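**Student:** how would this look folded up:
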Amino acid sequence: MHAPKVLMYVTDWCPYCERARSLLAAKGVAVEEIDVESVPGAREEMRARTGRDTVPQIFIGQTHVGGSDDLQALDADGRLDVLLN
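**Tutor:** Next comes the predicted model:
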């Protein structure tokens, strides 16, 4: 069994994106990033998939985790590792 794909909509200047990157990197997770400022249509795609306007927006597999604070809360509750495995 392999780990689910992790996808994160980001901007390169966002401190919350960096916080999420750091947490996932510390867990050894590879993340596919889509920069909503440089990829045409990415922000609209993100809004359509999540109903949210802010970055980061994080998906683990097909599960929309939410933003950085949501990711941190999952980790604090011990539920992030379950989603990642």
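**Student:** Apart from its chain neighbours, what residue comes closest to residue 47?
**Tutor:** Nearest residue to residue 47, sequence neighbours excluded (CB to CB, 6 or more residues apart in numbering): residue 53, at 6.3 Å. Backbone N, C-alpha and C define where each C-beta goes, glycine included.
**Student:** The one you found and residue 11, how far apart?
**Tutor:** Taking CB to CB, to the nearest Å as the measure, residue 53 falls 12 Å from residue 11.
**Student:** So the two - more neighbours on which side?
**Tutor:** Shown here are residue 53 and residue 11; by other CB atoms under 10 Å, residue 11 has more neighbours (16 against 10).
**Student:** wait, the more buried one sits on residue 21?
**Tutor:** No: assessed by CB atoms under 8 Å, residue 11 is found out of contact with residue 21, at 11.8 Å.
**Student:** picking up where we left off before, the residue nearest to residue 47 falls within a helix, correct?
**Tutor:** No: assigned with DSSP: H, G, I helix; E, B strand; the rest coil, residue 53 falls outside any helix and is coil.
**Student:** List phi and psi for it.
**Tutor:** For residue 53, the backbone dihedrals (degrees, to the nearest 10) come out as phi -110, psi -10.
**Student:** for residue 58, helix, strand, or coil?
**Tutor:** Each residue gets one of three states, and residue 58 gets strand by three-state DSSP.
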